[in-house]
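S.K.: Pasted the sequence and its predicted model underneath.
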Amino acid sequence: MSPLPTVLRHVSIITAAAIFAIISAPAVSAADPEPQKPAGKTELFNGKDYSGWTFAFRTNADPKGTWGITNGVLHCNGQPYGYIRTETPYRDYKLTVEWRFVKVAPRADNTGILLHVQAPDQVWPRAIECQGQSRHHGDLILMGNTTCKVNDENKTGRVAMKGEPNEKPVGQWNSYEIVCSGNTLKASVNGKLLNEVTDCSVTSGFIAIQSEGSEFEVRKVTIEPATGI
């Protein structure tokens, strides 16, 4: 058989290279959408259903056994361990969560807000937790080997709040305000700044609320741009 003409040989080489590039390129999964910067103030929890949210548990549990919605309020009984998270990842935002403990009992007074949650879903994922344990709202937990800095000092594990906690008594509504801008994070409870870190190793991802042994309620999850805050 006679060799291919020069032009055809070049086309064959180019075509083969293109096919190899397509095969070698990383797959873009619909489960990993591009992080969104909020355009305006939005309620992530509509008070009616779980639109925009999904679930992850340590066991193969039915979400209805853990989470419920009554009179516009999200209720969690704390078991089994896991979380409810947004289907959309976010970056550069202010997040406000209004919550309250229904009761506090030994080893049953814990939850948390997970920021910059990375795939895959697991208990627990790579993320930064704004601690939700009673009297510790304001601490940060750097999960899955995430890191940050406080006053240029490298931090891993737990970053304790500055000063005294600022939670209200059990049964009263609290406000957790968190600003994520670039690689920085600020956490305030009921208007008091309790933690501020820089150079976070994760800067975008899903937002989640933990089921971690405590019975609690959430009535608002509001996101808005971090610009100008």
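M.R.: Here it is on my side, so go on. Residues are numbered from 1 along each chain as shown.
S.K.: Which stretches in this structure count as helices?
M.R.: 6-24 (DSSP state H).
S.K.: So in terms of bridging, what pairs with residue 179?
M.R.: Beta-bridge pairing for residue 179 (DSSP bridges): residue 94, residue 186.
S.K.: Kindly provide the distance from it to residue 41.
M.R.: As judged by Cβ to Cβ, to the nearest Å, residue 179 and residue 41 stand 14 Å apart. Using the backbone N, CA and C atoms, a C-beta is placed for each residue, glycine as well.
S.K.: of the two, who's got more company?
M.R.: residue 179 (19 against 11; other Cβ atoms under 10 Å).
S.K.: That one reaches residue 94, doesn't it?
M.R.: Yes: Residue 179 lies in contact with residue 94 (Cβ atoms under 8 Å); the separation is 4.8 Å.
S.K.: I'd like to know how many residues surround residue 221.
M.R.: 25.
S.K.: Next up, the contacts around it.
M.R.: When contacts are counted by Cβ atoms under 8 Å, 6 or more residues apart in numbering, residue 221 is found next to 43, 44, 45, 95, 96, 97, 207, 209.
S.K.: Verify the stated contact: the third one with residue 73.
M.R.: No: Residue 45 sits out of contact with residue 73 when judged by Cβ under 8 Å, with a separation of 9.4 Å.
S.K.: quick one, which of the two is more surrounded?
M.R.: With neighbours defined as other Cβ under 10 Å, residue 45 and residue 73 compare such that residue 45 has more, 24 against 16.
S.K.: Grab the nearest non-local neighbour of the more buried one.
M.R.: In space, residue 45 comes closest to residue 221 once its chain neighbours are excluded; the distance is 4.3 Å by Cβ to Cβ, 6 or more residues apart in numbering.
S.K.: where does this structure have low pLDDT?
M.R.: For the chain, applying pLDDT under 70 flags the ranges 1-31, 106-108, 228-229.
S.K.: how does it look with 50?
M.R.: Scanning the chain for pLDDT under 50 picks out 1-30, 229.
S.K.: Roughly how far does the residue nearest to residue 176 when sequence neighbours are not counted sit from residue 88?
M.R.: Of all residues not flanking residue 176 in the chain, residue 97 sits nearest, at 4.6 Å (Cβ to Cβ, 6+ apart). Using Cβ to Cβ, one gets 16 Å for the distance from residue 97 to residue 88.
S.K.: More neighbours: these two, which one.
M.R.: residue 97 (22 against 16).
S.K.: which residues are contacting stretch 95-111?
M.R.: 75-76, 78, 113, 115, 132-134, 168, 170-180, 207, 209-223.
S.K.: Could you check it and say which residues are buried?
M.R.: Across stretch 95-111, burial judged by 16 or more other Cβ atoms under 10 Å covers 95, 96, 97, 98, 99, 100, 101, 104, 108, 109, 110, 111.
S.K.: That one: how far from the chain's middle?
M.R.: Centroid separation for stretch 95-111 versus its chain: 17 Å, with Cα atoms, centre = their mean, to the nearest Å.
S.K.: returning to that earlier point: export the buried residues of stretch 95-111 to CSV and append columns for distance to residue 163.
M.R.: Listed next are these as CSV, based on distance: Cβ to Cβ, whole Å:
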residue, distance to residue 163
95, 21
96, 21
97, 21
98, 22
99, 21
100, 22
101, 21
104, 21
108, 26
109, 21
110, 21
111, 22
